[in-house]
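Q: Give me coordinates for this.
(chains A and B)
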There are 2 protein chains.
Amino acid sequence: MSEPYRQHWTHPGPFETESRATIESPVTAYETWGRHENGNALLLTTGLSPSAHATSHGPEDEPGWWEAMVGPGKAIDTERWFVVCANVLGGCYGSTGPASINPNTGERYRLDFPIITLRDIASLQHSLLEHLGVDRLRAVVGSSMGGMVALEYATMFPDTVERLIAISASGMTHPYAIALRRVQRRAVMLDPAWRGGDYYDHGQPEAGLSLAREIGTISYRSDLEWTRRFGRSWRDGKLFSFDGRFDIESYLQHQGQKYPQSYDANSYLYLSRAMDLHDLSRRRGSLTEAVSRITAAALIIGVETDVLIPPFEIEELAEAFVDAERPADVQMIDVDTGHDSFLLHPEMFGPPIRAHLGE
Amino acid sequence: MSEPYRQHWTHPGPFETESRATIESPVTAYETWGRHENGNALLLTTGLSPSAHATSHGPEDEPGWWEAMVGPGKAIDTERWFVVCANVLGGCYGSTGPASINPNTGERYRLDFPIITLRDIASLQHSLLEHLGVDRLRAVVGSSMGGMVALEYATMFPDTVERLIAISASGMTHPYAIALRRVQRRAVMLDPAWRGGDYYDHGQPEAGLSLAREIGTISYRSDLEWTRRFGRSWRDGKLFSFDGRFDIESYLQHQGQKYPQSYDANSYLYLSRAMDLHDLSRRRGSLTEAVSRITAAALIIGVETDVLIPPFEIEELAEAFVDAERPADVQMIDVDTGHDSFLLHPEMFGPPIRAHLGE
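A: Take a look at the predicted model:
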């Protein structure tokens, strides 16, 4: 996929991570939409897999990962807002990650890349915005991992953020999500083609990364959706076989097989771990104390059928806002498509997002 | 583990499976408790992993997998009932399975073992009971896969079963459970040590089978339980590491690592697939038509937090009983330990089981 609108910014000199490691002059790939005018900047933070290409830049351009939500006249209106979306640190769409060449050694980082956190991602994106001349954000908006980064951003840089929209994101990662991600990482590492992270001369660990993506897909959707969509139908007559494919199996296989073509296995491991480490309360006392730093007006959106960020985690975050005397607007979406609903139902997520961004 | 009370019965001649394959003279390992008197026999059907050793036979014996539920004076009272529990066809605790020698070839079956279904398992256990002189069951009782087998048994042999207790079991397998089991099978098969099922001279595919068990464990418990038990605590100071273990990771690792010591990888694959194929309605019209064959008084127990057999599947089964004009006693247990609750909370499951078995 060509990325004609992708721009790159190089952080000047070493970037220090929360873990006290340094990354030399990391590059951030980003795209922007709209025109920067006073106070109209919006930072869109991404989930694990998306690139900076959130939406197309015109009819000739390829669709982005949130095409239905971002664009002229859409809920995140690029005629009104100057939208910035960056590929995260540790990613593989033009930003520095484990597949990048370490300028200090001339070799790829591989597993020498330091463990990064969502605070590192937020911090580097803050520096990018400074470079772009954005000293104040109308809003930071993110879903899934992007929602966690948005929460961190609003906690770390409260004076620069007016509004916060965190979708399908928790205040801290709970053990069920860690468990689901652990087995995904183990699937990658079980593939001999992973070679301890040193696979770049041989090709991706496709079987392991595909399996990891299949497991991830299970956590992104719901039992009710799949019962409705797939039921027990299968593709061929060989029911009594390991190969006779139920439709759900074909669907998962398809989701898994296409993933290694677009995503780097080591980036997957690092960002997966960064989400495990997500915890707004880390070195800030409690979740409530962390949230009390946030001054942005907050919109929290959760999904009733989300198994990765289940309703009780949305409630926990909402209660922290209440306890911090910064009540958030909390909206629970009742739909059967689980964690990924923000990608699938712009008609449900668009109106509250548009309303919260205001005029 | 010694099994001094294990007995073996060999089916005379070829056993024909639902898939129209034959298994030559399959062996069934079983144990019994109590004394067979007129009408007091109870068949206890097992889940995927348990052996026939449901409970100890005396103070010197090793505990069984449902020790708290089965025994003298317990909910399934072995002073009152003649309890029979068999290791399933396809298993690896003394019954014929893929690791067994095929008498026709002198070689292990490996993947030449036919695809089996829960109907095959029920059918063979019915023959075992005939061999034992049991022509009528007070009850068939099972949990998880055992609950599915119990439902099949009561559907296939209605004239021989007075009462049915199916715990955490559905009338047919839905796609979310198929998805969860597919990725477990793929984990086993991804391990090069699996060798296409031909690993017996080299040792189990430990890494793959362990990973499969870790994924299974995620589906057997719940997010609420793990948040309560583990939270975000971790074992050592290395938070910023792939090796720094959250407690939930150590727990999963332990569950995974011990599994290959006790369970055969190929048996795991076959029984996993048998559960995917579970569908009471297969060749019986609808679920309601299938259930209408059942004459046993039925107790259906589900768990609110079960992600493998979620409440809507219990409701579906209960509705089939209502539509078939055979209303079942349906009890939903409100506890946070998910699918495995029947193993963990005898105080919740014991009373309704005892009451349903009657005097």
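
Q: Run through the helices of chain A in chain order.
A: A:118-131, A:145-156, A:175-190, A:206-220, A:223-229, A:247-258, A:265-276, A:287-291, A:311-323, A:341-344, A:346-357 (DSSP state H).

Q: Mean neighbour count, those: which tops it?
A: Across the helices of chain A, averaging neighbours per residue (mean count of other Cβ atoms under 10 Å in any protein chain shown) puts helix A:145-156 on top, at a mean of 27. All C-beta spots, glycine's among them, are computed from the backbone N, C-alpha and C.

Q: Give me the contact status of that helix with chain B.
A: No: using Cβ under 8 Å from any Cβ of the partner chain, helix A:145-156 stays clear of chain B, with a minimum separation of 13.9 Å.

Q: Show me which residues of the stretch 1-150 of chain A are close to chain B?
A: Residues of the stretch 1-150 of chain A lying near chain B (Cβ under 8 Å from any Cβ): A:18, A:19, A:114, A:115, A:117.

Q: about what we covered before: dump the helices of chain A to CSV, plus mean pLDDT.
A: Shown next, in CSV, are the helices of chain A (pLDDT from 0 to 100):
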stretch, mean pLDDT
helix A:118-131, 98
helix A:145-156, 98
helix A:175-190, 97
helix A:206-220, 98
helix A:223-229, 97
helix A:247-258, 96
helix A:265-276, 97
helix A:287-291, 98
helix A:311-323, 98
helix A:341-344, 98
helix A:346-357, 98
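
Q: could those helices go into CSV alongside distance to residue A:95?
A: Output for the helices of chain A, formatted as CSV (distance: least, Cβ to Cβ, whole Å):
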stretch, distance to residue A:95
helix A:118-131, 8
helix A:145-156, 13
helix A:175-190, 20
helix A:206-220, 19
helix A:223-229, 32
helix A:247-258, 22
helix A:265-276, 9
helix A:287-291, 26
helix A:311-323, 27
helix A:341-344, 21
helix A:346-357, 25
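
Q: Now do the contacts for residue A:126.
A: A:153, A:156, A:157, A:160 (Cβ atoms under 8 Å, 6 or more residues apart in numbering or on different chains).

Q: and with 10 Å instead?
A: Each residue near residue A:126 by Cβ atoms under 10 Å, 6 or more residues apart in numbering or on different chains is listed here: A:43, A:134, A:137, A:140, A:153, A:156, A:157, A:160, A:161.

Q: Could you chop chain A up by domain?
A: A:7-175+A:279-357, A:177-273 (automatic domain parsing).

Q: and the first one, how far from the chain's centre?
A: The gap between where domain A:7-175+A:279-357 is centred and where its chain is centred comes out at 7 Å by Cα atoms, centre = their mean, to the nearest Å.

Q: Just give the number of residues close to whatever residue of the stretch 1-150 of chain A ends up closest to chain B.
A: Residue of the stretch 1-150 of chain A nearest chain B, by Cβ to the nearest Cβ: residue A:19 (3.7 Å). By other Cβ atoms under 10 Å in any protein chain shown, the residues close to residue A:19 number 15.

Q: I'd assumed residue A:115 was in contact with it.
A: Yes: contact criterion Cβ atoms under 10 Å: residue A:19 and residue A:115 qualify, at 5.3 Å.

Q: So for the two, which residues contact both of them?
A: A:277, B:238, B:239, B:240, B:241.

Q: Please report the distance of the last one from chain A.
A: The one in question is residue B:241. 6 Å (Cβ to the nearest Cβ, to the nearest Å).

Q: pLDDT value on the residue nearest to that residue when sequence neighbours are not counted, please?
A: Take residue B:241 and drop its neighbours on the chain: the residue closest to it by Cβ to Cβ, 6 or more residues apart in numbering or on different chains is residue A:115, 6.0 Å away. pLDDT, residue A:115: 95.

Q: Contact partners for residue A:115?
A: Residue A:115 sits in contact with A:17-19, A:21, A:90, A:270, A:273-274, A:277, B:238-242, B:244, where contact means Cβ under 10 Å, 6+ apart.

Q: So how do I select the buried members of these in ChimeraX?
A: The buried residues among those can be selected in ChimeraX (16 or more other Cβ atoms under 10 Å in any protein chain shown) with this line:
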select /A:17,18,21,90,270,273,274,277 /B:239,240,242,244
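
Q: Mind picking the two most distant members of the contacts of residue A:115?
A: For the contacts of residue A:115, the farthest-apart pair by Cβ to Cβ is A:90 and B:238; their separation is 18.6 Å.

Q: and residue A:7, how many neighbours?
A: 15.

Q: tell me the contacts of it?
A: Residue A:7 neighbours (Cβ under 10 Å, 6+ apart): A:28, A:29, A:30, A:31, A:32, A:52, A:86, A:94, A:128, A:132.

Q: residues from the stretch 251-359 of chain A in reach of chain B?
A: By the rule Cβ under 10 Å from any Cβ of the partner chain, the part of the stretch 251-359 of chain A lying against chain B is A:251-253, A:256, A:269-270, A:272-273, A:276-279, A:281-282, A:307-310, A:312-313, A:316.

Q: one more time with 6 Å
A: A:252, A:310 (Cβ under 6 Å from any Cβ of the partner chain).

Q: Which among the contacts of residue A:7 count as buried?
A: With burial judged by 16+ other Cβ under 10 Å, the buried subset of these is A:28, A:29, A:30, A:31, A:32, A:52, A:86, A:94, A:128, A:132.

Q: Would you quantify the distance from the third one to residue A:63?
A: This points to residue A:30. From residue A:30 across to residue A:63, the span is 18 Å (Cβ to Cβ, to the nearest Å).

Q: what about the closest residue to residue A:345 other than its chain neighbours, how many neighbours?
A: Distance criterion Cβ to Cβ, 6+ apart; nearest residue to residue A:345, sequence neighbours excluded, is residue A:335 at 5.9 Å. By other Cβ under 10 Å, 18 other residues sit near residue A:335.

Q: was I right about residue A:335 contacting residue A:343?
A: No: contact criterion Cβ atoms under 6 Å: residue A:335 and residue A:343 do not qualify, at 11.8 Å.

Q: Same question for stretch A:196-203: list its buried residues.
A: For stretch A:196-203, the neighbour count (16+ other Cβ under 10 Å) marks A:197, A:199, A:200 as buried.

Q: and if you look at stretch A:330-340?
A: A:330, A:331, A:333, A:335, A:336, A:337, A:338, A:339, A:340.

Q: cool, and stretch A:7-24?
A: A:9, A:11, A:15, A:17, A:18, A:21, A:23.

Q: can you put the residues you listed in TSV and add pLDDT?
A: As requested, those are arranged in TSV below (pLDDT from 0 to 100):
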residue	pLDDT
A:9	98
A:11	98
A:15	98
A:17	97
A:18	96
A:21	96
A:23	98
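
Q: Show the contacting residues for the residue of the stretch 1-150 of chain A closest to chain B.
A: When contacts are counted by Cβ atoms under 6 Å, 6 or more residues apart in numbering or on different chains, residue A:19 is found next to A:114, A:115, B:240.

Q: And the last one, how close does it get to residue A:247?
A: Counting by Cβ to Cβ, the gap from residue B:240 to residue A:247 is 42 Å.

Q: now swap in the second one and tell me
A: For residue A:115, the distance to residue A:247 equals 39 Å [Cβ to Cβ].

Q: What of residue A:267?
A: Distance, residue A:267 to residue A:247, by Cβ to Cβ: 30 Å.

Q: go on, residue A:13?
A: For residue A:13, the distance to residue A:247 equals 53 Å [Cβ to Cβ].

Q: With residue A:269 instead?
A: In terms of Cβ to Cβ, residue A:269 sits 30 Å off from residue A:247.

Q: List the contacts of the residue most central in space within chain A.
A: Nearest residue to the geometric centre of chain A (Cα atoms, centre = their mean): residue A:47, 1.1 Å. Residues counted as contacts of residue A:47 (Cβ under 6 Å, 6+ apart) are A:144, A:145, A:146.
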